[in-house]
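**Q** quick check, what structure comes out for this input:
(one chain, ligands or ions: 2)
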Amino acid sequence: MRQKGEPKGKRKLGRGAVIPAVLALAAVLCYDAFLRTVTVTESGFAMDAVVTVTVKGNKKDAEAAAKEALEAIQSLEKDELSRFLESATVYQANANPGTAVPVSADLNWLLENGIDLQQKTGNAFDITLGAVSDLWDFNGESPQVPDAKAIQALLEQDRSLHIEDDCLTVAAAGALDLGAVGKGMACDVAEFPRSGSNAVREAVVSVGGSVLLWGSRDNFKVGIRNPFGALTEQMGILTTSACCVSTSGGYERFFEQDGVRYHHILDGRTGYPVQNGLASVTILTRSGAMSDALSTACFVLGYEDSLPLLIEYKADAVFIYEDGGVRVVACSLRPLSFVITDEAFHSMDSGLLGA
Ligand code: ADP
Ligand code: MG
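**A** Ligands and ions are numbered 1, 2, ... in the order given. Sure thing, here's the model as predicted:
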């Protein structure tokens, strides 16, 4: 019964009703926090590059996914791909030529696809140039053009890779170098739950010159670096859907001698830095490892000889020349647009192939 002075319609909650009410409120707040989408970023360092993992989703799962992705990338370097860390399979295989070293399923896949691309490019792309790159010493204090005979001797060595029963044998010490595919592969090991209770909505992973775009949007935007400018300078913007984007350019590591610039991407057929008028090549494709491998391979091969590969791998590409010319080739069914934002660059003929 309503007491005197008590407002009409307002009922006193008994002690028993308070606790369920508080619990219900807590449940609503939790549900709200669960649904609220936040953007979380984790940064670190791996493969001589800055790694940034950005994940969109509910706070708890986005944080966990970003952390796990960064850890997976750092483990990939430490346990498998590094030529410089003793803990890595590649280091062990290079240090023990002629000895079979166990490899993971992922590394097996990477090696087989690398060897396959090597054959398709007539060795222009070559994952056994490690000792030749060491001779050039691009990371050293005072690198110099090596002796031509020393380059030739290393090229003529048996540098074959043998894979059998999930084991790898390297014929020549120090030959295996997965530097051309590592950063792209890092994008592949960053996995994000698409469904289930801990699903995240979108993710972008960047490892040096490789970027993973993950999610159902078809308007991800990626800036393409100005090959003649500072690290953060862009010359254009790609808009596309989920895929991996990798860029290879002669600007990453180089030295100058007698007015000539020598950079770290070698033509596997000659052992010398590629000089074909290209400043950079960007490749878009589903697999991170293949986008990275193709960016190096197409940089070495040049535009014309790259076209069959782009069709075969259903990849899109942006070729940037040293004179500022830009060619876009689309061989996938992915939505793609490219806008030049720096007037120092100009569009050349662009083609729609394959698709
Ligand atoms: P970055 O690693 O600088 O992003 P790339 O993906 O183009 O650029 O890879 C270049 C690296 O690949 C070199 O530092 C070297 O380790 C290795 N490399 C150089 N030339 C070749 C080649 N022709 N084929 C395969 N790997 C190469
Ligand atoms: Mg590459």
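
**Q** what residues does the helix or strand containing residue 188 touch?
**A** Per DSSP states H and E: residue 188 is located in helix 182-189. Residues outside helix 182-189 that contact it (CB atoms under 8 Å, 6 or more residues apart in numbering) are 46-47, 49, 51, 69, 72-73, 76-77, 81, 106, 110, 178, 205, 207-212, 244, 246, 287-293, 295. C-betas here are computed from N, CA, C, even on glycine.

**Q** elements contacting the following helix or strand past it?
**A** Along the chain past helix 182-189, the next helix or strand (assigned with DSSP H and E) turns out to be strand 202-207. Counting contacts by 3 or more CB pairs under 8 Å, 6 or more residues apart in numbering; DSSP states H and E, strand 202-207 packs against strand 49-58, helix 59-75, helix 182-189, strand 210-214.

**Q** just the buried residues of the contacts of helix 182-189.
**A** Taking 16 or more other CB atoms under 10 Å as the criterion, what is buried in the contacts of helix 182-189 is 46-47, 49, 51, 69, 72-73, 76-77, 81, 110, 178, 205, 207-212, 244, 246, 287-293, 295.

**Q** so which of the residues you listed reach ligand 1?
**A** With CB under 6 Å from any ligand atom as the criterion, these include 208-209, 292, 295 near ligand 1.

**Q** and the nearest residue to residue 88 once chain neighbours are set aside, how many neighbours?
**A** Using CB to CB, 6 or more residues apart in numbering and skipping the chain neighbours, the partner closest in space to residue 88 is residue 82 (3.9 Å). When counting by other CB atoms under 10 Å, one arrives at 21 neighbours for residue 82.

**Q** can you pull the pLDDT of residue 126?
**A** The model reports residue 126 with a pLDDT of 98.

**Q** so it touches residue 268, yeah?
**A** Yes - between residue 126 and residue 268 there is a contact under CB atoms under 8 Å: 3.1 Å.

**Q** please enumerate the shared neighbours of the two.
**A** Joint contacts of residue 126 and residue 268 (CB under 8 Å, 6+ apart) are residue 118.

**Q** for the residue in the chain positioned nearest to ligand 1, phi and psi?
**A** Nearest to ligand 1 in the chain, going by CB to the nearest ligand atom, is residue 179, at a distance of 2.6 Å. Main-chain dihedrals, residue 179, degrees, to the nearest 10: phi -60, psi -30.

**Q** residue 216 too?
**A** phi -90, psi 10.

**Q** spell out which parts of this protein neighbour ligand 2.
**A** Within the chain, the positions near ligand 2 by CB under 5 Å from the ion are 180, 248, 292, 295-296.

**Q** let me have the residues you listed in a markdown table, adding pLDDT and secondary structure as columns.
**A** Output for the residues of the chain next to ligand 2, formatted as a markdown table (pLDDT from 0 to 100; DSSP: H, G, I helix; E, B strand; the rest coil):
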| residue | pLDDT | secondary structure |
| --- | --- | --- |
| 180 | 98 | coil |
| 248 | 97 | strand |
| 292 | 98 | helix |
| 295 | 98 | helix |
| 296 | 98 | helix |
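
**Q** just those residues now: which is nearest residue 57?
**A** Using CB to CB, residue 292 is the member of these that lies nearest residue 57, at 26.3 Å.

**Q** ok, now which ones touch the closest one?
**A** Here residue 292 is in contact with 180-185, 209-210, 244, 246, 248, 283 (CB under 8 Å, 6+ apart).

**Q** same thing but at 6 Å, please
**A** For residue 292, the contact set (CB atoms under 6 Å, 6 or more residues apart in numbering) comprises 181, 183-184, 210, 246.

**Q** can you pull the contacts of the closest residue to ligand 2 within the stretch 51-200 of the chain?
**A** Of all residues in the stretch 51-200 of the chain, residue 180 sits closest to ligand 2, at 4.1 Å by CB to the ion. Going by CB under 6 Å, 6+ apart, residue 180 touches residue 296.

**Q** residue 222: neighbour count?
**A** Neighbours around residue 222, by other CB under 10 Å: 20.

**Q** thought it was touching residue 245?
**A** Yes - assessed by CB atoms under 6 Å, residue 222 is found in contact with residue 245 at 5.2 Å.

**Q** show me whatever sits in contact with both of the two.
**A** Joint contacts of residue 222 and residue 245 (CB under 6 Å, 6+ apart) are residue 211.

**Q** gap between stretch 148-160 and the chain center?
**A** 30 Å (CA atoms, centre = their mean, to the nearest Å).

**Q** is ligand 1 contacted by that stretch?
**A** No - using CB under 6 Å from any ligand atom, we find that stretch 148-160 stays clear of ligand 1, coming within 11.6 Å at best.

**Q** what is the rounded mean pLDDT of that stretch?
**A** 98.

**Q** other residues contacting that stretch?
**A** 128, 131-132, 135, 171-172, 175, 271.

**Q** how about stretch 94-108?
**A** Taking CB under 6 Å, 6+ apart as the rule, stretch 94-108 contacts 80, 89, 92-93, 166-170, 172-174, 176.

**Q** need those in TSV (columns: secondary structure and neighbour count).
**A** Below are the contacts of stretch 94-108 laid out as TSV (DSSP: H, G, I helix; E, B strand; the rest coil; neighbours: other CB atoms under 10 Å):
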residue	secondary structure	neighbour count
80	helix	22
89	helix	20
92	helix	17
93	helix	26
166	coil	12
167	strand	14
168	strand	21
169	strand	16
170	strand	25
172	coil	18
173	coil	16
174	coil	20
176	coil	26
